[in-house]
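Q: Sequence first, predicted model second:
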Amino acid sequence: MGQKLKITGWVAAGAVAGVLTTVSLQTVARGSLAPLPLEELQQLAAVFGMVKTDYVEPVDEKKLISDAISGMVAGLDPHSQYFDKKSFKEFKEGTSGRFVGVGIEISQEDGLIKVVSPIEGSPAFRAGLKPSDLITKIDDTAVRGLSLNEAVKRMRGEANTKVLLTIFRKDENRTFPVTITREEIRTQSVRGKVIEPGYAWIRLSQFQERTVDDFVKKVDEIYKQDPNIKGLVLDLRNDPGGLLDAAVAVSAAFLPENVTVVTTDGQLSESKSIYKAIPADYQRRAGADPLRSLPAALKSVPLVVLVNEGSASASEIVAGALQDHKRGVVMGSQTFGKGSVQTVRPLGPDTGLKITTARYYTPSGTSIQAKGIVPNVLIDESAEGSPFAALRMREADLEKHLASGQGPEAKSPEREKARDEARKRLEEEAKKPPQDRKIPEFGTDKDFPLVQALNRLKGQPVLVSKTQVIVDNKEEKKEN
């Protein structure tokens, strides 16, 4: 393949944030393949003029142009995007793992916001918030009825400003107010622990700028606590992706040096690249190899990789690389199937363009676009199965999604049947009391897939799924 795209900006591989890096605007102009379509541009100018003069009320010119650009890019595929000032700032916060807020990981429960965990050292942590606390109000706004994103926006803000949270603590049966001063938060994308003597669990929730350093730190902590690790579970469930170099680094931590991790291919010569398990392909800064302190045992420790329908892009790169090189057993559900590469190009100091420039391929040359990684062992979410998995959105379900480039996609009534059955089960589930509908949190002894992964590492029986529907480019089939 051609010369690798030099890493000089954002290198992302996520379901929301894209892949590769920033290419200069001069490169874009030099690489133009065709003259501008003048007749169509004249029509665009004519429409702009008509809207300005004929619309029922005055319209903002800048907003018209911004909306036109957004529509043009959005018509390409689900992952290309025009960033205005606000969304560009949010994008940069997402890839850096830094934002201004109170410092809590949250979920939704019974229409309220549940504290999953306060980030260690954050304002929320210092204020005494605990896991399972319920937030009922943010300042004067009741939380019930707000979406999770709306609640997040209300809790974020400028540094050194205050937000009043009203907390209901169930185990104490009391409601109380907490005033928290916002500050810059560094999210923790890596969790892990020794589950039991000889067996450890490491979870990556996203691939961010700090992920590699945090991953190395966590691995070192685990091996310091138990030097005789006999099996490791790498948990990538619900990991939407993130930075490509972080995915290459995590893969390289387990793989032999210099083997291929992922390849990319597109129209630009810079998009035709091979990324290997070498420092030059995952280092963000000049200097020592960030993986240098990892124990040598990590290269050979028995490994299970947990994935599900929420594992996308960068997490699929890792799972695909470890699977193709037979370094680990991939267990769980078929992954999301985002195998496209997005390049982020600034258009000025405050705006930018994220545009799909390539597909990426596993080391064996397989495109997972609109298909995903099929686990070696299919595992359900619980002992009762995965009753609602068929309802989850995947890349193949997205309107205008990019094809895999490796054969036509075929639709089968099999998956639609599974969806109809899942909808019926969901209606029945909704009738149950809230306490009977809760899904166990990852990393606990009630985490069914994790228990099955540990059984695999120990050579004990594994409860394999007999109902999951596998989506293939050419057919859909049930695995038994």
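A: Great, that's in hand.

Q: mind listing the strands in the stretch 201-350 of the chain by residue range?
A: For the stretch 201-350 of the chain, the strands defined by DSSP state E, counting those that start in this stretch occupy 231-235, 260-265, 273-276, 303-307, 329-332, 340-346.

Q: Can you say which of the ones you listed is nearest to Asp60?
A: Comparing those by their distance to Asp60 (Cβ to Cβ), the top pick is strand 340-346, with 23.0 Å. Quick note: C-beta positions are derived from backbone N, CA and C, even for glycine.

Q: After that closest one, which helix or strand is next?
A: strand 352-361 (DSSP states H and E).

Q: elements contacting that following strand?
A: Strand 352-361 sits against strand 81-83, helix 85-96, strand 260-265, strand 340-346, with contacts defined as 3 or more Cβ pairs under 8 Å, 6 or more residues apart in numbering; DSSP states H and E.

Q: Counting neighbours, what do you get for Asp397?
A: Neighbourhood size, Asp397 [other Cβ atoms under 10 Å]: 14.

Q: Touching, Asp447 and Ala453? I think so.
A: No: counting by Cβ atoms under 8 Å, Asp447 does not reach Ala453; the two are 9.1 Å apart.

Q: Of these two, which one has the most company?
A: Using other Cβ under 10 Å as the criterion, Asp447 and Ala453 rank with Ala453 on top: 29 against 23.

Q: for the more buried one, helix, strand, or coil?
A: Per DSSP: H, G, I helix; E, B strand; the rest coil, the local secondary structure of Ala453 is helix.

Q: Compare the helices and strands packed on strand 352-361 and give me the one nearest Ala252.
A: Closest to Ala252 of the helices and strands packed on strand 352-361 is strand 260-265 (Cβ to Cβ; 6.7 Å).

Q: Need the residues that contact the closest one.
A: Applying Cβ atoms under 8 Å, 6 or more residues apart in numbering, the contact partners of strand 260-265 are 1, 19-20, 244, 247-248, 251-252, 255, 271-277, 281, 317, 320-321, 341, 358-363, 365.

Q: just to revisit the earlier point, what's the closest of the strands of the stretch 201-350 of the chain to Thr161?
A: Closest among the strands of the stretch 201-350 of the chain, using Cβ to Cβ: strand 340-346, at 28.3 Å.

Q: ranking the helices and strands packed on strand 352-361 by mean pLDDT, which is last?
A: When these are compared on average pLDDT, helix 85-96 comes out lowest at a mean of 76.

Q: got the angle for that one vs strand 352-361?
A: Computed by axes from the mean of the first three to the mean of the last three Cα atoms, to 10 degrees, the angle separating helix 85-96 from strand 352-361 equals 40 degrees.

Q: sorry, back to before: mean neighbour count and distance to Gly231 added to the helices and strands packed on strand 352-361, as JSON lines?
A: Converted to JSON lines, the helices and strands packed on strand 352-361 look like this (neighbours: other Cβ atoms under 10 Å; distance: least, Cβ to Cβ, whole Å):
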{"stretch": "strand 81-83", "mean neighbour count": "22", "distance to Gly231": "40"}
{"stretch": "helix 85-96", "mean neighbour count": "16", "distance to Gly231": "32"}
{"stretch": "strand 260-265", "mean neighbour count": "23", "distance to Gly231": "23"}
{"stretch": "strand 340-346", "mean neighbour count": "24", "distance to Gly231": "33"}
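
Q: thinking again about what came up before, in TSV, list the strands of the stretch 201-350 of the chain along with distance to Glu441.
A: Formatted as TSV, these follow (distance: least, Cβ to Cβ, whole Å):
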stretch	distance to Glu441
strand 231-235	12
strand 260-265	30
strand 273-276	33
strand 303-307	14
strand 329-332	16
strand 340-346	31
